[in-house]
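Undergrad: structure for this input, please:
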Amino acid sequence: MSLATRAVVGVDIGGTKTAAALVSSAGTVGPVRTIPTPAAFGGEAVVDAVAGLVRAVAAGQAIGGVGVGTAGVVDALAGRIVSATDTFAGWVGTEVASGLMRRLGVAVEVRNDVDAHALGESWRGAGAGASSMLMVAVGTGVGGALVLDGRLRTGAHHVAGELGHVPAVGAEGLRCTCGRPGHLEALASGPSLARHYGVLSGQNVDAREVARRAAAGDGLAVRAIEDAAACLGRVVAGVLTVVDPEVVVVGGGVVGMGPVWWGPFVAACRSELVDALCEVPIVPAALGDSAALIGAARTVFEKQEQEATA
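TA: Okay, the predicted model is just below:
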């Protein structure tokens, strides 16, 4: 069996859990296995855990390689983590690609998790068929990625599309996870939305509870969600105007709040766009938790295709 026809193991490394599955060259996903991420024990411990998970998923069969989507800013050419939050101890500087190659003996490609999510949606999800796409991911944080002319674009410093750290109207004075005030993530992420509700109501609850209360008619919960959604919508409008993609795909846990979040988000975005952009589709992501696995695997298939035609 040639490398081109072998399945690839896609891996999604998160702060609390790591998932992996076999992904075929057609983008179909096998059973997903998950393990706790040993994020507190350093980069080598995480790489060890990922290698063990890949072996378990492969179950002794030959694979074409491993594609990894991971939290943190990634130098994709080197397969190295160049920046990360304190969720991962000792993650910065970890040589993920070379470390896995030594342990597994197969080709490894590494991307940021949102970049991997974008590649999955662009290949087999809500962005399939579009030559350009803006990916927006809203959950514990706020992330983004750009696919232009069918290719992921990460920029000169590996942070292209990182919406969470754009200065945002509505987030003035609020502390972002990067330590600076006024960035989008300081209001639009799930935890930040919940903190905003806490300021309005004097009650400390998580984002899921805010959503539940909004659905039950709590006006302050509705306001907190609308403020966060509109803040994101305005920033997305700015990026959309600069990039002019064919489609905007929006994913992440916060989108699951439903119409109470989606309506204000789209309305705020549309209200800021010039007429030529008002018809750009803004659609929910289609692949769910499989997106990053599919996109990470896709990086390996693309590398094989490039090598075959070189």
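Undergrad: wait, Thr87 touches Ala39, no?
TA: Yes. Look at Thr87 against Ala39 with CB atoms under 8 Å: they come within range, at 5.8 Å. In this view, the C-beta of every residue, glycine as well, is placed from N, C-alpha and C.
Undergrad: when the two are compared, which one has more neighbours?
TA: Each of Thr87 and Ala39 has its neighbours counted (other CB atoms under 10 Å); Ala39 has more, 24 against 17.
Undergrad: excluding its backbone neighbours, what's nearest the more buried one?
TA: Phe88 (4.6 Å; CB to CB, 6 or more residues apart in numbering).
Undergrad: so for the one you found, what's the pLDDT?
TA: Model confidence at Phe88, given as pLDDT, is 92.
Undergrad: picking up where we left off before, now do the shared contacts for Thr87 and Ala39.
TA: By CB atoms under 8 Å, 6 or more residues apart in numbering, Thr87 and Ala39 have these common neighbours: Gly15.
Undergrad: can you map out the strands along this protein?
TA: 8-13, 17-23, 33-36, 66-70, 73-75, 80-83, 108-112, 133-138, 142-148, 151-153, 247-251, 282-284 (DSSP state E).
Undergrad: nearest to Gly43, out of these?
TA: Gly43 lies closest to strand 80-83 among these, at 7.2 Å (CB to CB).
Undergrad: quick one: pLDDT of the residue positioned nearest the centre of the chain?
TA: Note on the chain: the residue nearest the mean C-alpha position is Val114, at 2.3 Å, using CA atoms, centre = their mean. If you check Val114, the pLDDT there is 94.
Undergrad: so it makes contact with Gly143?
TA: Yes. Look at Val114 against Gly143 with CB under 8 Å: they come within range, at 3.7 Å.
Undergrad: need the residues touching each of these two.
TA: By CB under 8 Å, 6+ apart, the residues touching both Val114 and Gly143 are 137, 161.
Undergrad: tell me how many other residues crowd Gly179.
TA: So Gly179, with other CB under 10 Å, has 7 neighbours.
Undergrad: now do it against His165, distance only.
TA: Going from Gly179 to His165 by CB to CB, to the nearest Å gives 10 Å.
Undergrad: then Pro181?
TA: Counting by CB to CB - Pro181 and His165 are separated by 11 Å.
Undergrad: contact partners for Val249?
TA: 118, 121, 125-127, 133-136, 283-285.
Undergrad: show me what it is bridged to.
TA: Met135, Val283 (DSSP bridges).
Undergrad: number of residues surrounding Glu172?
TA: Around Glu172 there are 11 residues (other CB under 10 Å).
Undergrad: tell me the pLDDT at it?
TA: pLDDT, read off for Glu172, is 95.
Undergrad: quick check, it in contact with Arg180.
TA: No. Taking CB under 8 Å as the definition, Glu172 is not a contact partner of Arg180, at 11.8 Å.
Undergrad: sorry, back to before: so who does the residue nearest to the centre of the chain touch?
TA: 135, 137, 143-145, 161.
Undergrad: switch these over to CSV; also include neighbour count, distance to Val66 and pLDDT.
TA: Formatted as CSV, those follow (neighbours: other CB atoms under 10 Å; distance: CB to CB, whole Å; pLDDT from 0 to 100):
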residue, neighbour count, distance to Val66, pLDDT
Met135, 33, 22, 97
Ala137, 28, 22, 96
Gly143, 26, 22, 92
Gly144, 26, 25, 95
Ala145, 29, 20, 96
Gly161, 24, 24, 87
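Undergrad: I'd like the residues you listed as TSV, with distance to Glu209 appended.
TA: As requested, the contacts of Val114 are arranged in TSV below (distance: CB to CB, whole Å):
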residue	distance to Glu209
Met135	28
Ala137	22
Gly143	24
Gly144	27
Ala145	30
Gly161	30
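Undergrad: which two from those residues end up farthest apart in space?
TA: Across the contacts of Val114 (CB to CB), the longest gap, 9.7 Å, separates Ala137 and Gly161.
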